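[1] One predicted model, sequence on top.
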Amino acid sequence: MKRFYRLMLGKGSEYANNCFSGNFVGVYFGIDLDLTGRFHETWKDFNKEFIPIYLKNRPNKKKVAAGLACATVWVVSYFMKIGDIVLCPNGSGSYLVGEVEGDYYYQAGQILPHRRRVKWYPTLIERSTLSDALRHSTGTIGTYCDITKYAEEIESLIGGQRPPTILSTDATIEDASEFALEKHLEEFLVKNWSQTELGKKYNIYEEEGELVGQQYPTDTGNIDILAISKDKKVLLVVELKKGRASDNVVGQVQRYMGYVKEELAESNQHVHGVIIALEDDIKIKRALAVASNIEFYRYQVSFKLYKN
């Protein structure tokens, strides 16, 4: 099956023009090794081998940063298949559109040395033409995100057609309007984190001054927000209900917490969770009554009109 990705080409798309003129996409993350023949079938197995190598070469880094780096290199270098489509921000409000047409190759000493050859389409996709759902998905922080669930919309945009409005294609969504509202809430939380109750105790996870904690990838999906306590002793998994069935969101938070505990947390760190929803939810409260280290928060939407 053809997959679709949003891929950043350097911090702030600084290498977009180089990649476009050179017909490639790539990543780096400070991994100075030719990985030809060294990829595993799963990124969990790849991480198991290469996280220790990464940390040995960069002793100042933590497991969270190492896990993100190795997983991203695996996805771009190996998991992306020939024929997959990449949407790459060009830094000017548009996306370059390319089709992967070659296997992994390594260019030592060059920018983004872990590369894939691509064929760039003559089409630019303006960010303003994306549906709200796709725009929020592509706007998440991180080097890449899988946007395959918007394949039909992206194909329409590539063909120059404006697609119909799409709120969500997730089968677990019970309330589409709540889903749309809480996608906006995620962006609001990230941008205004320091002013929230959670922001008093936690910071969204950063790596070299860049936020990497929004939509942090795991082997069971992406964590909405991964944060760390100001004393560095607690990793916090924050999940917005997004209109999903209560049992789904509680189970998902527990799976994410299990991943963080087993794969990311240092020996002296604990893992906590937070679920945020619009409405009071008795099903979530009952489930959390026997689930340790998970808290439930509600949010309120305030709207006022002022006469000029």
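    Yep, it's here.
[2] All the strands of the stretch 151-300 of the chain, residue numbers only.
    202-204, 206-207, 210-211, 214-218, 221-229, 234-240, 270-277, 294-298 (DSSP state E, counting those that start in this stretch).
[3] buried ones in the fifth one?
    When neighbours are counted by 16 or more other Cβ atoms under 10 Å, the buried residues of strand 221-229 are found to be N222, I223, D224, I225, L226, A227, I228. (Each C-beta comes from the backbone N, C-alpha and C, glycine too.)
[4] Quick one, which of those residues has the minimum pLDDT?
    Taking the buried residues of strand 221-229 together, the minimum pLDDT is found at N222 (87).
[5] For that residue, give me its contacts.
    T140, C145, Q215, Y216 (Cβ atoms under 8 Å, 6 or more residues apart in numbering).
[6] Pretty sure the last one sits against G142.
    It stands for Y216. Yes - the criterion here is Cβ atoms under 8 Å, and Y216 meets it with G142 at 7.5 Å.
[7] shaky segments in the stretch 101-250 of the chain?
    160-183, 242-247 (pLDDT under 70).
[8] quick revisit: pick the most buried one from the strands of the stretch 151-300 of the chain.
    Among the strands of the stretch 151-300 of the chain, strand 234-240 has the highest mean neighbour count (mean count of other Cβ atoms under 10 Å), at a mean of 25.
[9] ok, and what's touching that one?
    64, 182, 185-186, 189, 198, 202, 205, 223-229, 249, 252-253, 256-257, 260, 264-265, 269-277.
[10] What of stretch 28-46?
    Under the criterion Cβ under 8 Å, 6+ apart, residues 49-50, 53-54, 57-58, 69-75, 77-79, 104-106, 108, 111-114, 219, 263 lie in contact with stretch 28-46.
[11] Return every residue with contacts to both of Y216 and G142.
    Common neighbours of Y216 and G142 (Cβ under 8 Å, 6+ apart) are L68.
[12] Next one: P122 from L96, what distance?
    10 Å (Cβ to Cβ, to the nearest Å).
[13] Compare these two (neighbour count), which wins?
    With neighbours defined as other Cβ atoms under 10 Å, P122 and L96 compare such that L96 has more, 23 against 5.
[14] In space, what's closest to the more buried one - neighbours in sequence excluded?
    Nearest residue to L96, sequence neighbours excluded (Cβ to Cβ, 6 or more residues apart in numbering): C88, at 4.5 Å.
[15] show me the contacts for that neighbour.
    C88 neighbours (Cβ under 8 Å, 6+ apart): R6, L7, M8, L9, S13, A16, C19, V25, Y95, L96, V97, G98.
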